[in-house]
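Student: Structure, please.
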Amino acid sequence: MKKLFYFGLIGFILFEIANVYFLMPMRGGSQEINSIDVAYFLHVWRWMFRAFFILLMILGVKSVFRNRKWLPVVTLLILSAIVYMTNFDMAADTMFHQPKSLSLKNVSENKVEGDKLIIGITHGGEAKAYPIQYLGYHHQVRDSIGGKPVMVTYCTVCRTGRVFEPLVGGKTEDFRLVGMDHYNAMFEDKTTKSWWRQATGEAIAGSLKGQTLPEFPCIQTTLNKWTELYPHTLVMQPDTHFQVGYDSMRTYEKGRLTGRLTRRDTASWQNKSWVVGVQMGKTSKAYDWNMLQKEHIIYDVLDNTPIAVILSKDSSSFVVLERLSIQQTFILANDTLKSGDNSYNFIGKSLNISGQDLKRVNAFQEYWHSWFTFHPSTLKYQMKED
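Tutor: As a prediction, this is how the structure comes out:
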């Protein structure tokens, strides 16, 4: 009977560790294996597993307390500590929280520094900016713009922001951060408990597997550039409850953190190198950030569409625009794009009264390891030799 107690005890401990191991970026390659189905199975049936191991312990508890009563007491204390750590200290939704109060201010009242990177969105005549320093801690911020609900997300380990409409089956849904898969943040919807990948908006486990959330267009710029483009924008302000978390992210956007998950490889095409990822139709391509900083404009054709990847004079804001033709090129002057007799602002809006606007393409700054993981057929842009 003693064996039942210790079998249940050890099984319980290993189960709790496995629950965390498959969902969090633990050393030992936990995020580098295709374990999502195992992780979801363990999560869904967690109470059944726990009940089974507790039953075994109950069946053997009398035997283990007959001799050396201190030993089972110590082992139970160890189990209690592991259960607490894995379900509270190390659980994703207890480490990171959504804002307790979401505050957005106009430019005149804004306190966020102008050189901070933001994820910007527009709709229905409104514009809003969400600083990456705050998004990186919260992972998701729920809001609305122009009467439309939005879910603004950011994964620091993938270095990418995405905005979705939180609609499942046509209804607004709530989500919680549940963990990671292949180093990408993963959310669980409240109704079906399906798991959704942040980098793509796709459900990868649960009854809704294969479905995707509607993606909402967004752009990454500095706050200065955004307010120049949208002077009537609202800007997300810090929630003072989470100042410590924000402070830990202060140098992240500049690539100055040194941790293995959020550092930057300054050389090109390394796991933690920065790229700009673009997908058009079924074709995806990555553009090296170092090359973009050197060239400021990269011309290409993607999915039979001529495009331009453009970096601002601030060397942080970027945009991808569809060109009117493969022959169209630009002169970038103080972030104004000049092409023949036409002129455009940084995001492609024509400055000529009768001019045609350029269409903006959704594009994302991302770690190279993240982009090629979730776009395995991606192409790598290589500069053509003269």
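Student: separation between the spatially most central residue of the chain and L135?
Tutor: Nearest to the geometric centre of the chain sits C155, at 2.5 Å (C-alpha atoms, centre = their mean). Separation of C155 from L135 (C-beta to C-beta, to the nearest Å): 9 Å. Backbone N, C-alpha and C define where each C-beta goes, glycine included.
Student: Could you check how far L324 is from S343?
Tutor: 13 Å.
Student: Which of those two has more residues huddled nearby?
Tutor: S343 (17 against 14; other C-beta atoms under 10 Å).
Student: ok, now which ones touch the nearest residue to that one once chain neighbours are set aside?
Tutor: Excluding the flanking residues, the one nearest S343 by C-beta to C-beta, 6 or more residues apart in numbering is L351, at 4.2 Å. Residues in contact with L351, defined by C-beta atoms under 8 Å, 6 or more residues apart in numbering, are T336, S343, Y344, N345.
Student: Can you read off the pLDDT for L351?
Tutor: With respect to pLDDT, L351 has a value of 95.
Student: same check, this time on D386
Tutor: 44.
Student: Quick one: neighbours of D341, just the number.
Tutor: 7.
Student: roughly how far apart are it and G355?
Tutor: If you go by C-beta to C-beta, the gap between D341 and G355 works out to 9 Å.
Student: what's near enough to touch K349?
Tutor: D357, L358.
Student: my bad, L104
Tutor: K128, D143, L234, V235, M236, Q237.
Student: go on, T373?
Tutor: By C-beta under 8 Å, 6+ apart, the contact set of T373 is H182, Y183, N184.
Student: For the last one, give the beta-bridge partners.
Tutor: Beta bridges link N184 to D181, judged by DSSP bridges.
Student: Near it, how many other residues are there?
Tutor: 20.
Student: what's the answer for the one 10 residues further on, then?
Tutor: When counting by other C-beta under 10 Å, one arrives at 21 neighbours for S194.
Student: Phi and psi next, for N342.
Tutor: phi -100, psi 150 (degrees, to the nearest 10).
Student: How much space separates it from Q365?
Tutor: 27 Å.
Student: same thing with S108?
Tutor: Taking C-beta to C-beta, one finds S108 at 29 Å from Q365.
Student: Please say which of the two ends up with more neighbours.
Tutor: Set S108 next to Q365 and count neighbours by other C-beta under 10 Å: Q365 wins out with 21 against 5.
Student: What is the one helix or strand in the chain whose mean pLDDT sits lowest packed up against?
Tutor: Sorting the helices and strands of the chain by mean pLDDT, DSSP states H and E puts helix 92-95 at the bottom, at a mean of 82. Counting by 3 or more C-beta pairs under 8 Å, 6 or more residues apart in numbering; DSSP states H and E, the packing neighbours recorded for helix 92-95 are strand 175-181.
Student: Could you tell me whether R256 really is in a helix?
Tutor: No - R256: not assigned to a helix; according to DSSP: H, G, I helix; E, B strand; the rest coil it is coil.
Student: let's have the chain start at 204 instead
Tutor: Sounds good: first residue 204 from here, last item R459.
Student: Buried only: go through the contacts of L554 for me.
Tutor: The neighbour count (16 or more other C-beta atoms under 10 Å) marks S546, Y547, N548 as buried among the contacts of L554.
Student: contacting residues for the second one?
Tutor: By that I understand Y547. So Y547 contacts L524, F533, T539, L540, K541, S553, L554, G558, D560, L561 (C-beta under 8 Å, 6+ apart).
Student: which phi and psi does the closest residue to it other than its chain neighbours have?
Tutor: Among residues not flanking Y547 along the chain, L540 sits closest, at 4.3 Å (C-beta to C-beta, 6+ apart). Main-chain torsions, L540, degrees, to the nearest 10: phi -100, psi 120.
Student: okay but L540 is in contact with T532, surely?
Tutor: No - the pair L540 and T532 fails to qualify as a contact (C-beta atoms under 8 Å) at a distance of 9.7 Å.
Student: Out of these two, name the residue with the larger neighbour count.
Tutor: Higher neighbour count among L540 and T532: L540, with 26 against 14, using other C-beta under 10 Å.
Student: what residues are up against that one?
Tutor: L540 neighbours (C-beta under 8 Å, 6+ apart): I513, L524, F533, I534, S546, Y547, N548, F549, G551.
Student: ranges for the helices of the stretch 304-453 of the chain?
Tutor: 335-341, 426-432, 446-451 (DSSP state H, counting those that start in this stretch).
Student: Just the mean pLDDT for the helix or strand just after the shortest one, thanks.
Tutor: So that's helix 446-451. As assigned by DSSP states H and E, the chain's next helix or strand after helix 446-451 is strand 477-483. Mean pLDDT, computed over strand 477-483, is 97.
Student: Same question for stretch 326-334.
Tutor: Stretch 326-334 comes out at a mean pLDDT of 97.
Student: what does it contact?
Tutor: By C-beta under 8 Å, 6+ apart, the surrounding residues in contact with stretch 326-334 are 307, 315, 319-325, 344, 346, 348-351, 355, 419, 426, 429-430, 433, 435-439.
Student: what about G558, how many residues close to it?
Tutor: Neighbour tally, G558, other C-beta under 10 Å: 14.
Student: so who does Q234 touch?
Tutor: Contacts of Q234 by C-beta under 8 Å, 6+ apart are P228, M383, D384, H385, Y386.
Student: Over to R345?
Tutor: Q301, L305, P352, V353, M354, V355, P369.
Student: From those, list just the buried residues.
Tutor: Neighbour-count burial within those applies to Q301, V353, M354, V355, P369; the criterion is 16+ other C-beta under 10 Å.
Student: H341 is in contact with the first one, correct?
Tutor: Yes - counting by C-beta under 8 Å, Q301 does reach H341; the two are 5.6 Å apart.
Student: A330 and S515, how far apart?
Tutor: 17 Å.
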